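> Here is a sequence with its predicted model. Questions after.
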2 protein chains.
Amino acid sequence: MKMKARCAPCLLNRVLFESSLVTKDEKKISYVMGNVLKRMAEIYSDKKSSAEIATEIHGYAYELLGSKDPYKDLKEKSNEIALQLIPKAREFIEKSEDKLKAAILCSIAGNSIDFGIAGSASKPEELANKFEEYIKQGLYHDDVDEMKKYLKGSVLYFTDNCGEIVFDKLVCEILKGYDIHLTLVCKKYPILTDATYDDVKKLRFEEVVDEIITTGKFAVGIDFYGISEKLKRKLQEANLIICKGMANYEAFSEANYKPIAYLMRIKCQSIAEAIELPAGINVVKLYK
Amino acid sequence: MKMKARCAPCLLNRVLFESSLVTKDEKKISYVMGNVLKRMAEIYSDKKSSAEIATEIHGYAYELLGSKDPYKDLKEKSNEIALQLIPKAREFIEKSEDKLKAAILCSIAGNSIDFGIAGSASKPEELANKFEEYIKQGLYHDDVDEMKKYLKGSVLYFTDNCGEIVFDKLVCEILKGYDIHLTLVCKKYPILTDATYDDVKKLRFEEVVDEIITTGKFAVGIDFYGISEKLKRKLQEANLIICKGMANYEAFSEANYKPIAYLMRIKCQSIAEAIELPAGINVVKLYK
């Protein structure tokens, strides 16, 4: 997805949010804002990917803030709260005819979290409140049946946020029942609330996937210039790429890897326009 | 009020909003955003007044958009809707023991409109929906009785938005009952949804005030370097300055004119912090 005008203030609001996680010093926050504005003014372009610009802006903000992981506590809290919701999720999946679809729906409800952007949960606690509501909404766009046809051979699963990864594990558990080689791809370095290798190890994803690798480079979504030869080959050879969340959509929609299924809650107008679906909905969209 | 970090994305969102009023062309809007970001990066400083920065940003955005008055239609619609609410407002004032306080409360409820900023009405129609709710909230901070003591001699009344000026006229009608010389000060040039000389003439403010003058220069709130000698003298000699809305607060709180009463609905955290009151409330605050 290309950078849109409205992504600029949204990104700045997120910088503001992550600054407030690190410091209460208004002078410092203003210093960060002033410098980030300068960087944003330099790099803003509607010809660039929004993920690329977001990567540079957050990287610079982290540097100015002197923090490698502003969202650390929020991530832990998100996982905690999501774990408490697991019995409810399992019950919903058990009762459902299509268990894969049900688990995917849980993991998309988990994707409602994106702290610091408008139209998204602002506290981990909101996940608990909104979980059932989002499940009830179902999938506005539902390519799950079509997606199932590609569940053979090598399948890559790109994770997004902490909290939702707890439900991603339920999805992977069901995917394990298919005759596939499942590779989970998470972040190597902390960025926003994204799940890192440490996070997925703590949740023992090795129980449900065949392999865990990382995107390799500090990036919102994925920076294709920073991935390993191994991941590059896997992307080219995959029978299906499953992508969770908006940031992965922002990055992958600028590349050409297919077939690819985007699983997310659409939380902003820019993504909604790009994927040609409304905002505020749950979606599984496959590009063959 | 000094510029705060959070004012930067807020201001950019407002530029986005006014751009969307002028054009649907995404390329154009992105061009405006790119340029406004550069200007903002140049001038951003927590040592400057937020009103000063907002003036420069909006002035530049108007220039880039090729529009002298992006909010023209919204302003007309706001006045129309406010006029429909007048019977309700008059009834409320009639029934109230303190008629000045009641009229002020109506005019502050009218101040709920500030299109394009978070925490504010986004459509003129919302004024109608929220009007009664905001009236019911009453004044969270109420210096009206104290303010009355200064109602003698020369009183200046600085207007804010269209829509709310319809209720300002009710306030002026009651102020007329006091032994004062009442000067209404509105904008000379259109800026945001602010009432201009044309707007107040259309509403026949000459029926309720002794004099109507303008702030003189294109500015969010007021640019004290651009006012006439006459207004300067009036500001120095006034027995009371009444200021409607956040933008006037942002500008006047950087000057030293007193006694001054701020009448507004607090719609953002920056104003709330500066005036040391919560956001989402109605306030009449007097500085002697």
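Sure, I can see it.

> what number of residues lie near A:Asp210?
14 (other C-beta atoms under 10 Å in any protein chain shown). C-beta here means a position set from N, CA and C on the backbone, and glycine is covered the same way.

> In contact with it, which residues?
Residues near A:Asp210 by C-beta atoms under 8 Å, 6 or more residues apart in numbering or on different chains: A:181-183.

> what do you get if the cut-off is 10 Å, keeping everything else the same?
A:Asp210 sits next to A:154-155, A:172, A:176, A:180-184 when contact means C-beta atoms under 10 Å, 6 or more residues apart in numbering or on different chains.

> Let's see the PyMOL selection covering just the buried ones among those.
In PyMOL, a selection of the buried entries from those looks like this (16 or more other C-beta atoms under 10 Å in any protein chain shown):
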select buried, chain A and resi 154+155+172+180+182+183+184
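
> which stretches of the stretch 101-250 of chain A form helices?
Counting by DSSP state H, counting those that start in this stretch, the stretch 101-250 of chain A has helices at residues A:124-137, A:144-148, A:164-175, A:197-202, A:229-237, A:245-252.

> In the sheet, which residues pair with A:Asp142? Tell me.
Note on A:Asp142: beta-bridge partners by DSSP bridges are A:Val284.

> Check it and give its pLDDT.
pLDDT for A:Asp142: 98.

> and it, what does it touch?
Residues near A:Asp142 by C-beta under 10 Å, 6+ apart: A:98, A:101, A:104-105, A:282-286.

> ok, back up a step: so of the helices of the stretch 101-250 of chain A, which one's packed in deepest?
Comparing the helices of the stretch 101-250 of chain A by mean neighbour count (mean count of other C-beta atoms under 10 Å in any protein chain shown), helix A:245-252 ranks first with a mean of 26.

> Can you show me the CA trace of it as PDB?
C-alpha atoms of helix A:245-252 as PDB (Å, rounded to 0.1, in the frame of the first residue of the first chain):
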ATOM      1  CA  GLY A 245      -2.800  -7.700  10.200                       C
ATOM      2  CA  MET A 246      -2.600  -4.400   8.500                       C
ATOM      3  CA  ALA A 247       1.100  -3.800   8.600                       C
ATOM      4  CA  ASN A 248       1.800  -7.100   6.800                       C
ATOM      5  CA  TYR A 249      -0.900  -6.100   4.200                       C
ATOM      6  CA  GLU A 250       0.800  -2.700   3.800                       C
ATOM      7  CA  ALA A 251       4.200  -4.400   3.000                       C
ATOM      8  CA  PHE A 252       3.000  -7.500   1.000                       C
END
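
> helices or strands up against that helix?
On a contact count with 3 or more C-beta pairs under 10 Å, 6 or more residues apart in numbering or on different chains; DSSP states H and E, helix A:245-252 meets helix A:50-65, helix A:99-110, strand A:153-158, strand A:240-244, strand A:260-266, helix A:269-275, strand A:281-287.

> List the residues that contact A:Lys72.
Contacts for A:Lys72 (C-beta under 10 Å, 6+ apart) come out as A:21, A:162, A:190, A:193.

> Likewise for A:Met147?
A:Met147 makes contacts with A:100-101, A:104, A:240, A:242, A:259-261, A:263, A:284-286, A:288, as judged by C-beta under 10 Å, 6+ apart.

> domains of chain A?
A:7-65, A:73-287 (automatic domain parsing).

> coming back round to it: output the helices and strands packed on helix A:245-252 in a markdown table, with mean pLDDT appended to each entry.
Formatted as a markdown table, the helices and strands packed on helix A:245-252 follow (pLDDT from 0 to 100):
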| stretch | mean pLDDT |
| --- | --- |
| helix A:50-65 | 98 |
| helix A:99-110 | 96 |
| strand A:153-158 | 98 |
| strand A:240-244 | 98 |
| strand A:260-266 | 97 |
| helix A:269-275 | 96 |
| strand A:281-287 | 97 |
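
> Please pick the buried ones from the contacts of A:Asp142.
Using 16+ other C-beta under 10 Å as the burial test, the contacts of A:Asp142 include A:101, A:104-105, A:282-286 as buried.

> Name the pair among those with the greatest separation in space.
Within the buried ones among the contacts of A:Asp142, A:Leu105 and A:Leu286 form the most distant pair, 15.7 Å apart (C-beta to C-beta).

> what's the lowest-pLDDT member of the contacts of A:Asp210?
The member of the contacts of A:Asp210 with the lowest pLDDT is A:Lys176, at 93.

> Next one: the residue lying closest to that residue once chain neighbours are set aside from A:Ala128, what distance?
Spatial nearest neighbour of A:Lys176, chain neighbours left out: A:Val208 (5.5 Å); criterion: C-beta to C-beta, 6 or more residues apart in numbering or on different chains. Using C-beta to C-beta, to the nearest Å, one obtains 24 Å as the distance from A:Val208 to A:Ala128.

> Could you do A:Glu254 as well?
A:Glu254 is 34 Å from A:Ala128, by C-beta to C-beta.

> Buried residues, stretch A:47-63. List them.
Result for stretch A:47-63 [16+ other C-beta under 10 Å]: buried residues A:49-62.

> Pick the one among these closest to A:Glu42.
Using C-beta to C-beta, A:Glu56 comes nearest to A:Glu42 of the buried residues of stretch A:47-63, at 9.4 Å.

> residues contacting the closest one?
With C-beta under 10 Å, 6+ apart, A:Glu56 has these contacts: A:36, A:39-40, A:42-43, A:48, A:219-220.

> Identify the farthest-apart pair in the contacts of A:Asp142.
Pairwise distances across those (C-beta to C-beta) peak at 17.2 Å, for the pair A:Asp98 and A:Lys285.

> so what's A:Asn13 closest to, chain neighbours aside?
Of all residues not flanking A:Asn13 in the chain, B:Pro9 sits nearest, at 4.6 Å (C-beta to C-beta, 6+ apart).

> now swap in A:Cys162 and tell me
Closest to A:Cys162 by C-beta to C-beta, 6+ apart is A:Lys75, at 3.8 Å.

> do you know how far that neighbour is from A:Glu173?
Between A:Lys75 and A:Glu173 the distance is 22 Å, computed by C-beta to C-beta.

> Repeat that for A:Ile191.
Distance, A:Ile191 to A:Glu173, by C-beta to C-beta: 26 Å.
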